[in-house]
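>>> dropping a prediction and its sequence here:
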Amino acid sequence: MDTKQLRQKILDLAIRGKLVPQDPNDEPASALLARIKAEKEELIKDKKIKPDKKSTKDKSHYQNEVPFEVPENWEWVKLGYLCDYGKNEKASPSQVNENAWILDLEDIEKDTGKLLKRVHKNEKETKSIRNTFKKGDVLYSKLRTYLNKVLVADFEGYCTTEILPLDFNGFVVPEFARHVLMSNYFLEYTAKCCYGVKMPRLGTNDGRNAPFSLPPLAEQHHIVSEIERYFALIDEIEANKSDLQTAITQTKSKVLDLAVRGKLVPQDPNDESASVVLERISKEQKAQKTTADKFHYPFEVPDGWVWCKLGDILDIKSSKRVHKSEWKKSGIPFYRAREIIKLAQNDFVDNDLFISEEHYCNQ
């Protein structure tokens, strides 16, 4: 079971309004937008914020073709209208308290958005400018967005400038916003917009104009509760899957150990002795005698078995390197070290590497 895809399926249903039933008594998202607009106008009037001169007359609604249909009481909104995307208070290293939480990208687990470790300034040296964030902010990584690192801050602190603290001012449930930003739909949007080859990042303007499916506030809470319930079940499945995989690996190891010690199946006195088989191999190879007596035996084996060196029963030789120019779409399959390691770890290997029969014979 691919639990990663299962999580994304749940998020997809959630942001399309299909995870929980619609309640006709909920205040529609349009009323929520009206309150946001009124609050912004009041703040502009009090000169607490400046009007966005770059915005069009319709500053809230997403004007392009919507990515998908949503329920009637939902609205498509620009992300930058719901939060001050990219407008963050910064702090120099000298302004950061020694006990302050310092968050870097490597502290967040990819795809799950879980906090891997909480580090304070007195535990690591920091010389760079930081973005400040407070409890409840959605911490969004604009760098390499495909890693899907999004976190809701449970405490105030300072983060790298590659992480943007997003304050939705109570109009969007932070956990709901986090799930939207981690959905495949949003990942696909950022993949189209990101610039840079080695370290792609989402530009501020593209982030502000990103389409955001906004449900009524009450429904946001219901959606978050359902997502958390389903994700808890998936976590349990993953834990059980991990325990099962460990048990399978241990069982395979034990079976192989019993097999090489001659304890897996009963011995048949009518079977041809391994010493006879080894003698026959030695004659075929024109060897004078077996070299089995020249090394230490790791453990005792049944009477019908015999210890020998690997080279006594097969030919071991080095092969030529297979260059990419010699790879074929069909022919003799071959494995590189990476595929052999996966096979040794009981991983699935979908091998599609081949060489010509002529190349194989010349090895």
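Thanks, I have the structure now. Numbers count the residues shown, from 1 in each chain.

>>> the helices in this protein, which residues?
3-15, 29-45, 79-82, 174-181, 184-193, 204-208, 217-260, 274-284, 337-344, 357-361 (DSSP state H).

>>> possible to save the ones you listed as a markdown table with mean neighbour count?
(Each C-beta comes from the backbone N, C-alpha and C, glycine too.) Formatted as a markdown table, the helices of the chain follow (neighbours: other C-beta atoms under 10 Å):
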| stretch | mean neighbour count |
| --- | --- |
| helix 3-15 | 17 |
| helix 29-45 | 15 |
| helix 79-82 | 24 |
| helix 174-181 | 22 |
| helix 184-193 | 16 |
| helix 204-208 | 18 |
| helix 217-260 | 13 |
| helix 274-284 | 14 |
| helix 337-344 | 11 |
| helix 357-361 | 12 |
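
>>> please produce CSV containing the ones you listed, extended by mean pLDDT and distance to residue 302.
Below are these laid out as CSV (pLDDT from 0 to 100; distance: least, C-beta to C-beta, whole Å):
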stretch, mean pLDDT, distance to residue 302
helix 3-15, 93, 45
helix 29-45, 90, 76
helix 79-82, 94, 71
helix 174-181, 97, 61
helix 184-193, 95, 57
helix 204-208, 95, 70
helix 217-260, 82, 11
helix 274-284, 75, 9
helix 337-344, 71, 27
helix 357-361, 74, 38
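
>>> how near is residue 73 to residue 29?
Counting by C-beta to C-beta, to the nearest Å, the separation of residue 73 from residue 29 is 6 Å.

>>> turn the helices of the chain into TSV, including distance to residue 137.
What follows is the helices of the chain, written out as TSV (distance: least, C-beta to C-beta, whole Å):
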stretch	distance to residue 137
helix 3-15	20
helix 29-45	17
helix 79-82	13
helix 174-181	7
helix 184-193	18
helix 204-208	15
helix 217-260	16
helix 274-284	70
helix 337-344	41
helix 357-361	59
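
>>> go through those and name the closest to residue 309.
helix 274-284 (10.2 Å; C-beta to C-beta).

>>> got the CA coordinates for that closest one in CSV?
Output of helix 274-284 as CSV, limited to C-alpha atoms (Å, rounded to 0.1, in the frame of the first residue of the first chain):
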residue,chain,number,x,y,z
ALA,A,274,28.6,-33.5,-1.1
SER,A,275,32.2,-34.8,-1.0
VAL,A,276,31.4,-36.9,-4.1
VAL,A,277,29.9,-33.9,-5.9
LEU,A,278,32.9,-31.8,-5.0
GLU,A,279,35.3,-34.6,-6.2
ARG,A,280,33.4,-34.7,-9.5
ILE,A,281,33.7,-30.9,-9.9
SER,A,282,37.4,-31.1,-9.1
LYS,A,283,37.9,-33.7,-11.8
GLU,A,284,36.0,-31.6,-14.3
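
>>> list the contacts of the most centrally placed residue in the chain.
Centroid check for the chain by C-alpha atoms, centre = their mean gives residue 111 as the closest residue, at 3.9 Å. Each residue near residue 111 by C-beta atoms under 8 Å, 6 or more residues apart in numbering is listed here: 4, 147-148.

>>> shared neighbours, residue 73 and residue 29?
With C-beta under 8 Å, 6+ apart as the test, residue 73 and residue 29 both reach 215-216.

>>> run through the stretch 51-200 of the chain and note the low-pLDDT ranges.
52-63 (pLDDT under 70).

>>> strands along that one, start to end?
75-78, 90-91, 101-103, 119-120, 130-133, 138-141, 150-152, 157-159, 163-166 (DSSP state E, counting those that start in this stretch).
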